[in-house]
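Peer 1: My questions concern the predicted model and sequence given below.
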Amino acid sequence: MCGIVGYTGSEPAAGILLDGLSKLEYRGYDSAGLAVRDGDKPIEIVKAKGRLKVLREMTNEGESMRGDCGIGHTRWATHGEPSTENAHPHHSDDMAVVAVHNGIIENYVDLKEKLAKNGYSFYSETDTEIATKLIDYYYKKYRGSPVEALARAMMRIRGSYALAVLFKDHPGEIYATRQDSPMIIGVSGGASYLASDVPAILKYTRNVYYIDNMEIARLRKGGVDFYTVDEEPVEKQTVQITWDAEAAERGGYQHFMIKEIHEQPKAVLDTINSLVKECEIDLGESGISDEALRGVSQVHIVACGSAYHVGMVAQYVLEDFARVPVRVEIASEFRYRRPILQKDALVVIISQSGETADSLAALREAKAQGVTTLAIVNVVGSTIAREADHVIYTYAGPEIAVATTKAYSTQLIVCYLLALKLAQVRQEIELEAFERLLGELRSLPGKIERVLEDEERIQWFASKFSNAKDAFFIGRGIDYAVGMEGSLKLKEVSYVHSEAYAAGELKHGTISLIENRTLVVAILTQQSLYEKMISNMAECKSRGAYLMGLTNYGNYNVEDAADFTVYIPRTDPHFSASLAVIPLQLMGYYVSLSKGLDVDKPRNLAKSVTVE
Ligand code: AGP
């Protein structure tokens, strides 16, 4: 997520803006910039790719930028790679309107066409430049107030945004508006502040205004006015922030991992919205054509860790929908086994960071063999994203906790959509089924929300097993694949040894390990395999295991076999991993919490394994 700050008062603005941005660095970013104004002199913009340090050096800690009113930004790239041109603030050609933005504008292509028809040109690849010029277009066309120009622009923009805007004609003032992206506003001692998040202004005030969706704010020196999108004034009360600075960085959550678990509905929704337009799956931005997809003879999915577990789920979905052979491999194995790849194969590299050494090496091996490569990546402009022939981005936003959660969930979404797209271009799916599945996929964010409502029960259960020495996650089909992720979550954040096992494989050796009170987590979301799973649970129970059953609402007879049951909403069986993984993420988190471990930074682990 990007970070936004704003200040207007009697002090030099640049230093205050830099300080505010430094408090938002934890959100992850790849470039930064400031726009500052001295009285009614022209607005000055300084921006650069890289860390805030670069901006500090360019502006001599802000001292070279004169003025007591300004806005600042740290950019987490979504549209357009990290670069100075794409960094914010963005501006109209005559510098009449200058803006910073946090969010994703879904209809930016349509808006760009509209503006181009009205004589606008563009210097960047960003959706933000388009939003800025749309505001400028309405401001010039109707010669009204900044509030009116913003209101008109809001009527046309679809997506999420938090915008802070300077108007040349209105020195000393900052205008702001939001839709779904966070923004707070504070007033203290003759100055007004705005920011994406609490940490940036806690130093100045704990009494803040939360600007609501579709509201507009006008920040003056020491005062703020609010308006509806109909330009009606709105009276608002301040809210007192009680968090300390550290808690504020986590949005009030105790750890980034639990914060990111709860961000999954929005991350999944944003990822769906980035690829599904009306009733079509649009992979156009990846550059991979329907023709190319139609000719794919074999799919190789190559990744590490949780990304590999996504591939294990995707294998079932891709083969079942698109009827194309899929092989899933661990990148560190793939890169050394001299893989035999068909010329018309497709190698899919899944990676949150886009920097994992083994996955990058696998990508280069595939390219060396002349095979088409597609990367599914969360970090725009990362090495894997840049070197792959095609890239589809997930919209999880920056993932801070070492243990991945929201990136895993968004990678699943991209794989589901890739499977449906492949099935469609290969005419392996009827239109009715395609539309039904797309509709079901759109229901996943709401269903994930519902699963999260069970958090307290899972926390209680997890605390009972904080001393567990062994745990087994058993399932069949997609449930086996999601059990792999559940097992890794438990291992990596709570240091409890666990294994994911194909339930049908237990009797071939592993069941000898089951003894009294051994924790067995049975995952039964695949209705066609449900009865077989009940039998496997009974096998474990008869040997003294403690059974947790994870299944769909309605399968209440699971309680005959399970000691503890977690239910998830029904969905199409191909998509059930998106719901079943949530209780398993919560379980790993709460076992770690009950053991007092460093949840966000587990021992021996790094967020991105950029070495072999
Ligand atoms: C998952 O929780 C771990 N952090 C780890 O397994 C991770 O998934 C793996 O290192 C791959 O990272 P990547 O997605 O950035 O390539």
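Peer 2: Here it is on my side, so go on.

Peer 1: same for the helix or strand harbouring residue 268, what does it pack against?
Peer 2: According to DSSP states H and E, residue 268 maps onto helix 264-275. With contacts taken as 3 or more C-beta pairs under 8 Å, 6 or more residues apart in numbering; DSSP states H and E, helix 264-275 sits against strand 97-105, helix 406-425, helix 444-452. Where you see a C-beta, it was placed from the backbone N, CA and C, and this is true even at glycine.

Peer 1: And these, which one averages the lowest pLDDT?
Peer 2: For these, mean pLDDT drops lowest on strand 97-105, to a mean of 94.

Peer 1: ok and the helix holding residue 268 relative to helix 444-452, angle-wise?
Peer 2: Comparing the axes of helix 264-275 and helix 444-452 via axes from the mean of the first three to the mean of the last three C-alpha atoms, to 10 degrees yields an angle of 170 degrees.

Peer 1: going forward can the numbers begin at 57, since that is how I track them
Peer 2: In the new count, where the first residue is 57, that last one comes out as helix 320-331.

Peer 1: Quick check: which of the helices and strands packed on helix 320-331 is nearest to residue 525?
Peer 2: Counting by C-beta to C-beta, residue 525 lies closest to helix 462-481 out of the helices and strands packed on helix 320-331; the figure is 25.9 Å.

Peer 1: which ones are touching residue 398?
Peer 2: Contact analysis of residue 398 by C-beta atoms under 8 Å, 6 or more residues apart in numbering lists 353, 354, 427.

Peer 1: For the ligand, what is the nearest residue in the stretch 157-306 of the chain?
Peer 2: Scanning the stretch 157-306 of the chain for the residue nearest the ligand gives residue 306, at 17.9 Å (criterion: C-beta to the nearest ligand atom).

Peer 1: What of the stretch 507-656 of the chain?
Peer 2: Closest point on the stretch 507-656 of the chain to the ligand, by C-beta to the nearest ligand atom, is residue 548, at 5.7 Å.

Peer 1: Using the three-state scheme, assign residue 265.
Peer 2: Secondary structure for residue 265, judged by DSSP: H, G, I helix; E, B strand; the rest coil, is strand.

Peer 1: neighbours around the closest residue to residue 573 other than its chain neighbours, how many?
Peer 2: With sequence-adjacent residues excluded and distances taken as C-beta to C-beta, 6 or more residues apart in numbering, residue 573 is closest to residue 602, at 5.3 Å. Counted with other C-beta atoms under 10 Å, the neighbours of residue 602 add up to 19.

Peer 1: Give the other helices and strands that the helix or strand harbouring residue 606 contacts.
Peer 2: Residue 606 is part of strand 602-608 when elements are defined by DSSP H and E. Strand 602-608 sits against strand 575-580, helix 586-597, strand 620-624, helix 633-650, with contacts defined as 3+ C-beta pairs under 8 Å, 6+ apart.

Peer 1: Tell me the pLDDT of the closest residue to residue 491 other than its chain neighbours.
Peer 2: Counting by C-beta to C-beta, 6+ apart, residue 335 is the residue found nearest to residue 491 once chain neighbours are left out, at 5.9 Å. If you check residue 335, the pLDDT there is 89.

Peer 1: Then residue 216 would be within a strand, right?
Peer 2: Yes: under three-state DSSP, residue 216 falls within a strand.

Peer 1: wait, what's in contact with it?
Peer 2: By C-beta under 8 Å, 6+ apart, residue 216 lies in contact with 159, 160, 235, 236, 237, 326.

Peer 1: Let me know how buried the last one is, in neighbour terms.
Peer 2: By the criterion of other C-beta under 10 Å, residue 326 has 24 neighbours.

Peer 1: and the residue nearest to it when sequence neighbours are not counted, what does it touch?
Peer 2: Once flanking residues are discounted, residue 326 sits nearest to residue 451: 3.7 Å by C-beta to C-beta, 6+ apart. Contacts for residue 451 (C-beta under 8 Å, 6+ apart) come out as 134, 160, 323, 326, 327, 329, 330, 466.

Peer 1: quick one: which of the residues you listed is most hemmed in?
Peer 2: Counting neighbours by other C-beta under 10 Å, the top entry in those is residue 466, with 30 neighbours.

Peer 1: Report the contact partners of it.
Peer 2: Contacts of residue 466 (C-beta under 8 Å, 6+ apart): 323, 324, 326, 327, 434, 450, 451, 452.

Peer 1: Quick check, pLDDT for the nearest residue to residue 636 once chain neighbours are set aside.
Peer 2: Nearest non-adjacent residue to residue 636, counting by C-beta to C-beta, 6+ apart: residue 538, 4.8 Å away. We note a pLDDT of 98 for residue 538 in this prediction.

Peer 1: Tell me which other helices or strands the helix or strand containing residue 538 touches.
Peer 2: Using DSSP H and E, residue 538 falls within helix 534-550. The contact analysis (3+ C-beta pairs under 8 Å, 6+ apart) places helix 534-550 against helix 361-378, strand 526-531, strand 553-558, strand 575-580, helix 633-650.

Peer 1: Which strands or helices does the third one pack on?
Peer 2: What it means is strand 553-558. For strand 553-558, the packing partners by 3+ C-beta pairs under 8 Å, 6+ apart are strand 526-531, helix 534-550.

Peer 1: Return the list of strands paired to the shortest one, each annotated with direction.
Peer 2: By that I understand strand 526-531. Partners of strand 526-531 in the sheet, by DSSP bridges, are strand 553-558 (parallel), strand 575-580 (parallel).

Peer 1: Closest residue of the stretch 357-506 of the chain to the ligand?
Peer 2: residue 361 (1.9 Å).

Peer 1: which residue packs closest to that residue, ignoring adjacent ones?
Peer 2: residue 544 (6.7 Å).

Peer 1: Name all residues that make contact with that neighbour.
Peer 2: With C-beta under 8 Å, 6+ apart, residue 544 has these contacts: 361, 362, 365.
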